[in-house]
Structure formats: C-alpha cells, structure tokens
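**Q** quick one: sequence and predicted model below, then my questions.
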Amino acid sequence: MRSTTRGETFPVSTPAASQIFTTVLSHGPLTRLEAARRAGLSPAAVTKAVRPLLAAGYLAEDADDGGRPALGRPANLVRVAGGRALFIGVKVTGDAVIAVLTDLCCRIRLSRRLPVTDRAVRAVLTSIAELTHGLRVEAEDFGAPVLGLGIAVSGDVDRAEGVARYSPFLDWHGVPLAELAALTTGLPVVVENDVRALTVAEQWFGAGVGLSDFAVVTVGAGIGCGLVVHGRLVAGAHGVAGEIGHVAVDPAGPLCHCGNRGCVEAIAGDAAIVARVRQMTGCQVAGPAEAAALAHAGVAGAREAYARAGEAIGRGIATVANLFGPERVIISGEGLAAHDLFAGHIRDAFIAAAFGSAARCDVLTRPLPFEEWARGAAATAIHSFITPTPQG
C-alpha cells in the first residue's frame, strides 16, 4: 500500500487531469489544443482538467511568443510550474544510497550519496533517513514543500503494497519498505523496482518520450528490463514483468542465483563475467574494472567472456522484441562502462534471434549515472502524487 503519511494533496479527482498533467510534463509547454490531441481528449475535457491545476499553481499559462502563425488571438501555452513542489528520489545499490532532490518537472536540484557498509534493512533505512533529512533542510532555500519520497531497489518489488519481496543484492525478503521509510522520514513513500523507476524517467523525459511501446534493458550487477506497452508501464499481475535477466538462453549454462541454469544474468551480470574471466585466464581479477582491463588489453579469455555476455544479452533483447514488438530498446546500466567489448555481439545475437520485422527495433545505448535512477524514483513519487487515490 502507499504509505499513509499524507500532507498536501493534488487538486484533481479524475484520471483525465493526471493524464493532461503528465502530457504537459513530458511534451510541454503546449497549447490546450495540442494537449488535447496528444492526450486523446476533447478540448472541453482539457479545459475542465486544467482549471483546478492552474488555480492551485501546479500549472501555469503563458502567452505563446514563439511566432506560431495563427488567426485572431494567439493561444496561450500551458506548462508545469516546476517550482511549485519538490520530491526526493532514492536509489539503493549494494554499495551506496544515492538521493536526489527534484522539482515538480523532475529536474535534479541537488544530489547526495552515502556508502553502504551494512546491507541490513535498519542500516539502509538510517542512511535513507539521513539523506532525506539533509535534502529537506537544503530544500528550504527553494521555497517549496517536499511532498513525497520515491525509493528504487532491485528485485521483486510490490509497489501497491510498498514491499520489497526479494532483493537479491541486498538479501532482503518481505521488507515493508514504504511503511518503514514513512515512519523514519515523515513523508509519503512509494517503493518501486529500480529498473521500472528508470523506465518511468525515460518515458517522461528521456529516450522513450513520444513512444507508445519501448523497453529499457539494464546491464550491470543484474540484468533488468522495464516495459512500456501502449503508453503504460507494465508490471504484470505479480509485479515481475520484464525479468529478462532470468530468461534461460543456455540450458547447459552456469547456475543462476534464482536456481535455474543459463539465465541471461548468470552469463552477463557483472559477477558472472568476472567469474568467467577468472576461469578462462587464471587471473584473480577483483571486479568488473579489472576484467574489462584484461579484455581491453586483448587477453583472449577475457574477450571471450564479454563476447559470451553480449550474445546472451542480445538473445534476451530478441525475446523482448519477439514478444511485444517495441519501437525501441534502450540499453543502460553501470555495465555499459565496458559496452565496446560486447556491443557488436549484442547486435549480432539480436539480429539472429529476432523474428521477422522484430529485428527492425531500434536498439539504443544510453549510459546513465545512478543519479538518473534516483531521478526515476522521484518520478514514481510524482506519479503517485498526481494519480487519484481510489475511493473505498
């Protein structure tokens, strides 16, 4: 469930108002006619939706001085008033807690991070609370209230219940994170899978803007995938849609932590690549950076490990393309630091495994720092804030 802590509420009660707001957020400033066309609503519905948002200061209206040709009085442009409210987004990794303060347009105003030396829930919550408190103090200079907190963690996350059901890299099981974080921070809290949070940011502000169907595939400690179908982020009936990291591409491959063999993650995750480099070279590399250095130096066994990883990722992406035919697949994640070592193998395996015109899918590489993942967490908090709560 959403955390019960609640301060200011968004002045709408219909999905249309939220739809118009997100349309202006992603594509604005827009005239009301343009907003109606993009949202698929009537001009009258847009006017009705916009009125309370203008009155409450969440939207603003400016004269269109862009020189658009028009007969009669020029139409005004509607935009999101970014300074009206602030939100905090947090991304938790196995090594650090990264927090950002954003405005209502999800522009990052401040960012802070703390190292993770203890992955126990209590210790991580303490870090989240410390970062949140510090950002709220600094936020006083911006003259707007902080209205929500989004937290992004890896693994199986039940957003509706606010529970991290299973986060392998943190070794968390059944953690009621939204409730606990609300108690420690005093803010309304939304908890989301980190890849889905990043996908929201890409849909609203990044390489997915304007696309009805696209996917975000992340490469690094794990292999994740966020899906947008017909303009909507897909979580699935059980909240695990898009788990291509656990698609088996080699039944005789290495054992995965999920219990199966030959999963994409068991071949192409950072730990899997490091293990393969050690096996193939006999070198006791300490981590991904040393493994990549050996491959860049031309050591054959290290290069083979990255080629194998690229092939697994390419097959995983082809599975996504074959299943729902996205316009674009965006590849991101910390593993892209070594992207040049497996990019060609990803492309070759994707083309070989994609069926028919699914191979026409645009595969785009987009390196993003963890602050952008935290921004995605803030975007989920904004989405929760502007979405009407069902009345019981």
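**A** Noted; the coordinates are in hand. Not measured: the values here are computed from a predicted model.

**Q** can you pull the contacts of the residue lying closest to His230 once chain neighbours are set aside?
**A** In this structure, His230 finds its nearest non-sequential neighbour in Ser212, 5.9 Å apart by Cβ to Cβ, 6 or more residues apart in numbering. (C-beta placed from N, C-alpha, C; glycine too.) Residues near Ser212 by Cβ atoms under 8 Å, 6 or more residues apart in numbering: 228, 230-231, 327.

**Q** of the residues you listed, which is the most crowded?
**A** Among these, the one with the most neighbours (other Cβ atoms under 10 Å) is Val228, at 25 neighbours.

**Q** span of stretch 86-97 from start to end?
**A** 19 Å (Cα to Cα, to the nearest Å).

**Q** could you list the buried residues of it?
**A** For stretch 86-97, the neighbour count (16 or more other Cβ atoms under 10 Å) marks 86-93, 97 as buried.

**Q** show residues contacting the helix or strand in which Phe342 is found.
**A** Per DSSP states H and E, Phe342 falls inside helix 339-353. For helix 339-353, the surrounding residues in contact (Cβ under 8 Å, 6+ apart) are 268, 292, 295-296, 303, 306-315, 317-319, 321-322, 331, 359, 363, 365, 367.

**Q** tell me the buried residues in it?
**A** 339, 341-343, 345-346, 349-350, 353.

**Q** report how many residues lie close to the residue lying closest to Gly333 once chain neighbours are set aside.
**A** The shortest distance from Gly333 to any non-neighbouring residue, by Cβ to Cβ, 6+ apart, is to Thr218 (3.7 Å). For Thr218, the count of nearby residues is 26 (other Cβ under 10 Å).

**Q** which ones are touching Thr218?
**A** Counted by Cβ under 8 Å, 6+ apart, Thr218 has contacts 195, 198, 224-225, 331-333, 335.

**Q** go again using 7 Å as the cut-off
**A** 195, 198, 224, 332-333 (Cβ atoms under 7 Å, 6 or more residues apart in numbering).

**Q** most neighbours among these, which one?
**A** Result: Leu198 is most packed of these (other Cβ under 10 Å), 31 neighbours.

**Q** quick check: the residue nearest to His230 is in a strand.
**A** No - assignment of Ser212 by DSSP: H, G, I helix; E, B strand; the rest coil gives coil, placing it outside any strand.

**Q** just the buried residues of stretch 86-97 now: which is nearest Val46?
**A** Phe87 (24.8 Å; Cβ to Cβ).

**Q** so the closest one, which of the three states?
**A** strand.

**Q** partner residues bridging it?
**A** In this entry, Phe87 is beta-bridged to Thr102, by DSSP bridges.

**Q** so who does it touch?
**A** Counted by Cβ under 7 Å, 6+ apart, Phe87 has contacts 102, 146-148, 150, 378, 381-382.

**Q** for the protein, which segments count as helices?
**A** 15-27, 32-39, 43-55, 121-139, 177-185, 194-205, 264-268, 270-281, 288-296, 300-324, 339-353, 370-386 (DSSP state H).

**Q** check what pLDDT Gly89 gets.
**A** pLDDT, Gly89: 98.

**Q** can I assume it is in contact with Ala377?
**A** Yes - if you go by Cβ atoms under 7 Å, Gly89 and Ala377 touch, sitting 3.5 Å apart.

**Q** could the contacts of Ser212 go into CSV alongside pLDDT and distance to Arg165?
**A** Formatted as CSV, the contacts of Ser212 follow (pLDDT from 0 to 100; distance: Cβ to Cβ, whole Å):
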residue, pLDDT, distance to Arg165
Val228, 95, 22
His230, 91, 26
Gly231, 89, 27
Glu327, 95, 31
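
**Q** ok, those vs Ile386, which is closest?
**A** Nearest member of the contacts of Ser212 to Ile386, counting by Cβ to Cβ, is Gly231, at 15.9 Å.

**Q** ok, that closest one to Phe214 distance?
**A** According to Cβ to Cβ, to the nearest Å, Gly231 and Phe214 sit 10 Å apart.

**Q** hmm, back to that, tabulate the helices of the chain (TSV), appending mean pLDDT.
**A** Formatted as TSV, the helices of the chain follow (pLDDT from 0 to 100):
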stretch	mean pLDDT
helix 15-27	89
helix 32-39	92
helix 43-55	91
helix 121-139	97
helix 177-185	97
helix 194-205	92
helix 264-268	95
helix 270-281	95
helix 288-296	94
helix 300-324	94
helix 339-353	93
helix 370-386	94
